[in-house]
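S.K.: Sequence plus the predicted model coming up.
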Amino acid sequence: MARIGVFVCHCGSNIAGTVNIAQVMAAAQTMPLVTFVADNKYSCSEIGQTAIREAILKQKLERVVIAACSPQMHEATFRKTVAQAGLNPYLLEIANIREHCSWVHSNDKAAATKKAIELVKMAVAKVARHEALFTKEIGLTKKALVIGGGISGIQAALDMANAGYPVILVEREPTIGGRMAQLDKTFPTLDCSSCILTPKMVEVAQHPNITLLTYAEVKSVRGFVGNFEVEILQRARKVDASKCTSCGICWQKCPEKIPAEFNLGLGPRAAIYTPFPQAVPNIPSIDLAHCRYIKYQEFVARGEEGKKPPQCRICERLCPPQAIDWEQSDQVLVEKVGAIVVATGYQTFDHTRYGEFGAGRYPDVITGIQLERLLSASGPTEGEVVRPSDGTHPKTVVFVSCVGSRDERMGRAYCSNVCCMYMAKQAILLKEHDPEVQSYIFYIDIRAGGKGYEEFIRRAQEEARAIYLRGRISHIYQDGKKLIVRGEDSLLGRPVEIAADLVVLATGIEPSAGAKELAQSLNISYDAHGFMVEAHPKLRPVESRTEGIFLAGTAIAPNDIPGCVAQGSAAAVKALAVLSRPSLVSDPMVAIVDPLRCTGCFACQRACAFNAIDSQVTRDGKTIAVVNESLCKGCGLCVSACRGVAMNLKGFSQQQLLAEVNALWR
Amino acid sequence: MALDYQPKIVGFLCNWCSYAGADMAGTSRLTYPPNIRIIRVPCSGRVDATLVTKCFQQGADAVLVAGCHPGECHYSEGNYHARRRFTVLRELLSFLGIEKDRLRLEWVSAAEGKKFSQLVSEFSAEIAHLGPRKDNGKAAGGSL
Amino acid sequence: MNQAIRDKAKELLASGAVSCVIGYDVGSDGINARPFFAYTEEEADGLAFDQTCTHNLVKYLIDRAGKATAIVVKPCDARALTVLINEKQVKREEVFIIGAVCHGIIESTWGQKGSDLQGRCQTCTQHTPLVYDLLVGEPMAEPTPKAPLDHRAATLANMSVAERAAFWAEQFQRCLRCNACRQVCPGCYCAECFVDQLDPEWVGIRIDLPEKWLWNTIRAFHLAGRCVGCDECQRVCPVNIPLGLLNHKLEEEVATLFDFRPGVKADVPAPLETFKKDEKLGIGE
Amino acid sequence: MTIPDVIRPPLSRPLLIFIEAHSGQPVSRCNQCGKCTAGCPAAWAMDLTPRQVMRALQLGLDNDVLASSAIWLCLSCQICSVRCPLEIDVAKVMHSLRHRTQEDKTHPGDKNIARFHGVFRGIIHRYGRIYELGLAGLNNMVSRRPWAHLKLFPAMLRKGKLPMRPSRIKATAEVKNIFQKVAALEERFSTPSELTKGDR
Amino acid sequence: MAGRTYAYYPGCALHGTAREYDVSARLVCQTLNVKLQEIKDWSCCGASSAASLSPLLGIALPAHNLKLAAAMELPITTPCAMCSYRLKTAAHELKDEATARQVSEVLGSAVGPEVTVEPLLQVLSEDLSFPIRKPLTGLKVACYYGCLLVRPKSVLQFDDEENPQTMDRLITALGAEAIDWGLKTECCGAGLPLARPDLVHRLAYRIISLAQRLGADCIATACPMCQSNLDIHQKEIEAEHGEKLGLPIFYFTQLLGLALGFTPRELYLHKHLTNPLPLLRAKGLG
């Protein structure tokens, strides 16, 4: 019979402050098969681990229960500990008496102690049914996929490519660059955004290790760490990239003009276009929804009566290298990669949901990003800040913070992190553009926690003479040419009204459209807002809970450029740690078939989402199920589908779970 | 019903969402009644109907199965299977004389520590209110 | 009808298309039918079909895997056969199905022929088999569905939880753990039934109520979405536990929740082997 | 006028607890963003702005709150409630505070407005409907400003906007009965506000 | 709308300061075949005063009238925004069991929350194909809703809280132009002109002057308090601000009546303190 050792952790006072350790130890002594009980001040400390190792050797322990914090915290640590003492690492069970006990029952010590004893009892009963499990080595594809070509994705791709690994960078838009490409300057240094971004974009395009797929989307992901299979939809540009010389004649001559998304509708673009002059790649795309020839084709295809729309095809006729290719169609590419970095970025909150700010019907109420485009020398006004309504220069500008942030009514309880800083930046830039501008910044709290940030706010206040008013805006309405902005100066406790020429809404950050759907196909978790969830908010901030998939940038949470770049590099390092291994170790906690019990009904196969159940014919001619261990992810769905318990899950076997249930009543 | 009646609830929590959600409740020091005993499983879909029925046979006052929200299962589909399985099992148990409310399937994400603690508090109160099992605790009469 | 069965059986045996025809002959009391295996043309003359053919024979096919067999099935048996085919216990191509139009089975005892139809047959809506290679008898129009005859179903539904618990305690208390219900059930073909397993030991060996309760509960659950309602389990129960009540309850739930009737369609997964993403089941919402 | 003392927040905050329970509104959640006050049409006339009322409640300055004109100047226009980013129904809090002053009687309320409401209620009690000329006259008398609004009266009378006689209803007894029963119910429960969750 | 019958609850003001609202409402309803059956012996809804002093009284008074209407088995309509607000709020509060129990104790019998209450503006906007005889061409109208018609949407379920459109659409259908402006649902001071005229004057001034600056010829209202605050007090406001306003304040029913061909006198337009007749004459509508 197995000799079981039980180690009860005090975790300082985290556990011992609530749970009576002595009572737990005394109870453990009486549990079946337990031959040794000890306590530890901190089991996870080196001293604690050494004590466990020594006890295993001295007491000839064959199985170990550690009653401590959640297995999510230290199961991996303690598996190593017992392995160092010569035990199979899977002959360990953790009783979670901290997160599930002492921390949640601090108000009732007796009940907490009683519960801790039962949790240990369950763990002892379970560990008695543990079996030694052994890992296997599997191969991997030494190539990475980066989803999203904003600054985070660019950084991750460059870091991995520079480390010598091939990278596929997939971007949904026709160009990489992301949101950063839309910004004029960056805080707190006031570097020109495109001046620091463009060289990186070009480096991506020219890097021999990077395959850049723009105007493309990840459709599905299958497989597991080291061996992902990705389907990528490459949308048709209708322009042959191998012929195009980016001369620009097509987009200059295209007669169809529509509001440019890149400029948030503040200027026009053609139906064949590159989003901005420094786009990478600088190959234009034909916007199918607006191209006249495409509309003509659709009209003809519908076989409608009436006057046919013009055929146009001006771009095709004028293109010197004849790069327009109407036959080009969407293509699905299949790629194998070993690691994935998700950097899908953000979009800004739709401020038209605020009726009290005019719901979008006042032209001179604009968003922060729109002001960036007005400030930018490459923007629609070539850097001249003018009112969209009448083209005049605004003198009184009001900034409204927290539009779609810290607002539970809008379902956005969180702070968007960057708005305080970009409002200060824009106030400074406005003053630089026109010394007569007076900025008023309505804020709730000024959040300026970064390096040099607080100083930057002072610069806005002192140099740019921005007036900061503490209070949220309640109402904006048009009074002739002026916009009346009603707020409270909550420091004086009096209502404030400002007649503004321009109102800038600091719209908050939310995950890009489609991020949730992508997360679903990647099988990674996301929160209620659609931000990706980290494996651990503090200790594993750029890993998803799915092995081999890493996260960077505003896909995780609102963040500023230095934060995104750091995360891009961090995610790259984490991915490189996978790619640089000679082989991967498989998780041994997978399903297993008992061939004597299997009747070959294949309920398991019908339930399995991973195609991990194959069939095999036994020597006596029976067809039964068999588990493909490299595809099995260990969910155990097949186990519950099997009425005859022919299917079992190593590590969470029917015997183990039943032992836990039974222990509760023994 | 005695005032000190303390129901015993078995909770099967999926490792990826709900178990982590329960951890989050702990990390956030959100207290809840000590009636629940948590069993870690990889997925709510792993929870066998026999295992749950066994809990009731042994005398559990209630069973909670918690997994990732629909669409967020770490294994894509396990929670959908759990949803069907426990819908049917609940009907069967109710037909056999165990109130439907005693078997709950809930979705708790890794971030929903608060939801978990509220859930356990509510569930414990609800079961305490329901009182001991009508079949005298041990399934269908225990020592009959 | 008998002649049609015999002729076909002989033809199949003679040609070597099958090596055995499973059907019924007249039992030793000269009244009630019993299962009959015809291996030769001569034996095929003993085949008969009448309103005493209560047995569901399809379970015999599992042991004849790999050997071509013909079988006589009633409409309910045919549905059970479809379940077995879906669950890969029987290969369709190995079976020649002689489907018999059934006017209901008569409640009778040994040596004595009764006059009333069995309960399940009184509310039956499937008198013609859904699957067959040869149909014997004249197909008939199906009646509109009727509520189950066993009034206890309705009574139970209206009872309080405590009353239901008491009712079933009284029923299960009688269980002898003889497993006859399992042996006769076409859906119970596990190599080692969970109740017999020692590792894991789901059900203890004590013959007391909790163990009987667990066995009967899980037996019913394992048949959810698979049971075709042939009621053979109830017929063979030596202590008259109304197992049909449990089975029908689940049959009804599966029909309302998932719009599913077991054994009606080939090549579809049982409802508990599949799911729909957006279904609302009133749980986990 | 007394010189304001330093704030010494009390350890118990009975009014906060009462108002949160009575109005069902999480006053403690308020993070003082000021949006309520920013949109409030009457904030400029208040001694404490709506935001400050919430703050004083949070700090336990119960007397300041109950004595403030804000709770009577609130027009119940609901702008604060529908725009509050934390979804606190501020107008409901104001209502609850008004009810509170009616119960503990130590704070009679804003002399003009509370009296006006009282006169208004009296007229309904008497006639079943509002008798505007009577309301105006009575209000002037009660508020000891007999000549208030006098300039308006001639024009309004000329336009027939102020009928000389009240529009009486037959079932005045029924209306009186409602008043009586409400009063009786309020008597029965020591704190009338617990009768209903408060008015929106 | 057309052909339907409503239990009509005019409210106290329509028997007093707002006679012209009652008269014009009845005239247009008759023309548009909306049948109004006045609730017999209706009593005051308590306005904000009853609710301010006693929450239970604030529900019981309107609930009494809901009961009267329920007996008629008709949906209620009322021109007055305050009355519709109080009636709808009471019906909403009656969904709460405890409240319903107390109210039924007060009233002697139960009142269900299921009585529907529709402000007259809603009733008359259901079908905008009016038989117009005199289009209000050239008239620029600022539609002013006030607070009680739209807030809170969770209870009233009527129109957008910030930028309602119901009256704008109705006014546009009459051939007039409805201006876009930002104070449609700003509060005018409600029932406080007697208690705090200073406050009401200031709020009313903001509203009237903005409408005028944005080019409105007049303001249309759907509430007797809004109308009287903006109209009756306009002279005093002018005096206080030393500024001539002279902006006529109509009930929307009066503008509808004009378009349907009624004369200003039939619509009691002479009852207004800010004389609208010069404007109507200037626009060829008088």
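M.R.: Thanks, I have the structure now. Numbers count the residues shown, from 1 in each chain, chains lettered A, B, ... in the order given.
S.K.: Return the distance of stretch A:19-36 from the chain's centre.
M.R.: 44 Å (CA atoms, centre = their mean, to the nearest Å).
S.K.: Check whether that stretch comes near chain C.
M.R.: No. Using CB under 8 Å from any CB of the partner chain, we find that stretch A:19-36 stays clear of chain C, coming within 15.2 Å at best. Every residue, glycine included, has its C-beta placed from N, CA and C.
S.K.: mean confidence score for that stretch?
M.R.: Averaged across stretch A:19-36, the pLDDT comes to 97.
S.K.: same question, stretch E:30-40
M.R.: Rounded mean pLDDT across stretch E:30-40 is 95.
S.K.: can you pull the buried residues of it?
M.R.: Using 16 or more other CB atoms under 10 Å in any protein chain shown as the test for burial, stretch E:30-40 gives E:31-32, E:34, E:36, E:39.
S.K.: again, but for stretch B:53-68
M.R.: B:53-68.
S.K.: Quick check: buried residues in stretch B:115-127?
M.R.: B:115-117, B:119-120, B:123-124, B:127.
S.K.: Briefly note if stretch A:398-418 comes near chain D.
M.R.: Yes. Using CB under 8 Å from any CB, stretch A:398-418 comes into contact with chain D via A:402, A:406-410.
S.K.: where does D:Met156 land on pLDDT?
M.R.: Confidence for D:Met156, expressed as pLDDT, is 80.
S.K.: In helices, which of the buried residues of stretch B:53-68 fall?
M.R.: B:53-58 (DSSP state H).
S.K.: Which ones among the residues of stretch A:398-418 next to chain D lie within strands?
M.R.: A:Cys402 (DSSP state E).
S.K.: buried subset of the residues of stretch A:398-418 next to chain D?
M.R.: The buried subset of the residues of stretch A:398-418 next to chain D - by 16+ other CB under 10 Å - is A:402, A:406-407, A:409-410.
S.K.: hmm, which two among those residues are most spread apart?
M.R.: Using CB to CB, those reach their maximum pairwise distance at A:Cys402 and A:Arg409, which is 11.5 Å.
S.K.: what's the overlap in contacts for these two?
M.R.: Common neighbours of A:Cys402 and A:Arg409, using CB atoms under 8 Å, 6 or more residues apart in numbering or on different chains, are D:Pro85.
S.K.: the domain parsing of chain A - what is it?
M.R.: A:4-127, A:144-235+A:335-345+A:512-579, A:249-323, A:350-510, A:590-649 (automatic domain parsing).
S.K.: From the rest of the structure, what touches the lowest-mean-pLDDT helix or strand in chain C?
M.R.: Ranked by mean pLDDT, DSSP states H and E, the weakest helix or strand in chain C is helix C:152-158, scoring a mean of 83. With CB under 8 Å, 6+ apart as the test, helix C:152-158 has contacts from B:95, C:147, C:164, C:167, C:242, C:245, C:248-249.
S.K.: where's the dip in pLDDT among those residues?
M.R.: Among the contacts of helix C:152-158, C:Ala147 has the weakest pLDDT, 72.
S.K.: Now do the same contact list for that one.
M.R.: C:123, C:154.
S.K.: about what we covered before: out of the contacts of helix C:152-158, which is most surrounded?
M.R.: Counting neighbours by other CB atoms under 10 Å in any protein chain shown, B:Phe95 comes out on top of the contacts of helix C:152-158 with 23 neighbours.
S.K.: That one belongs to a helix, doesn't it?
M.R.: Yes. The assignment for B:Phe95 by DSSP: H, G, I helix; E, B strand; the rest coil puts it in a helix.
S.K.: Please tabulate the buried residues of stretch B:115-127 in TSV, including the columns pLDDT, distance to A:Ala499 and secondary structure.
M.R.: Shown next, in TSV, are the buried residues of stretch B:115-127 (pLDDT from 0 to 100; distance: CB to CB, whole Å; DSSP: H, G, I helix; E, B strand; the rest coil):
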residue	pLDDT	distance to A:Ala499	secondary structure
B:Lys115	96	46	helix
B:Phe116	97	51	helix
B:Ser117	96	50	helix
B:Leu119	96	51	helix
B:Val120	97	55	helix
B:Phe123	96	56	helix
B:Ser124	95	58	helix
B:Ile127	94	62	helix
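S.K.: can you list these in a markdown table and add distance to chain A?
M.R.: Listed next are those as a markdown table, based on distance: CB to the nearest CB, whole Å:
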| residue | distance to chain A |
| --- | --- |
| B:Lys115 | 10 |
| B:Phe116 | 9 |
| B:Ser117 | 7 |
| B:Leu119 | 12 |
| B:Val120 | 8 |
| B:Phe123 | 14 |
| B:Ser124 | 12 |
| B:Ile127 | 15 |
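S.K.: Same list, those, but only the ones touching chain E.
M.R.: Okay, of the buried residues of stretch B:115-127, nothing touches chain E (CB under 8 Å from any CB).
S.K.: and E:Leu148, what does it touch?
M.R.: D:77, E:81-82, E:84-85, E:190, E:223.
S.K.: same check, this time on A:Gly568
M.R.: A:151-156, A:159, A:341, A:343, A:552-553 are the contacts of A:Gly568 under CB under 8 Å, 6+ apart.
S.K.: 6 Å instead?
M.R.: Shown in contact with A:Gly568 (CB atoms under 6 Å, 6 or more residues apart in numbering or on different chains): A:152, A:155-156, A:552.
S.K.: would you turn those into TSV with neighbour count?
M.R.: Converted to TSV, the contacts of A:Gly568 look like this (neighbours: other CB atoms under 10 Å in any protein chain shown):
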residue	neighbour count
A:Ser152	36
A:Gln155	26
A:Ala156	36
A:Ala552	36
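S.K.: And the furthest pair within those residues?
M.R.: Most distant of those, by CB to CB, are A:Gln155 and A:Ala552, 7.6 Å apart.
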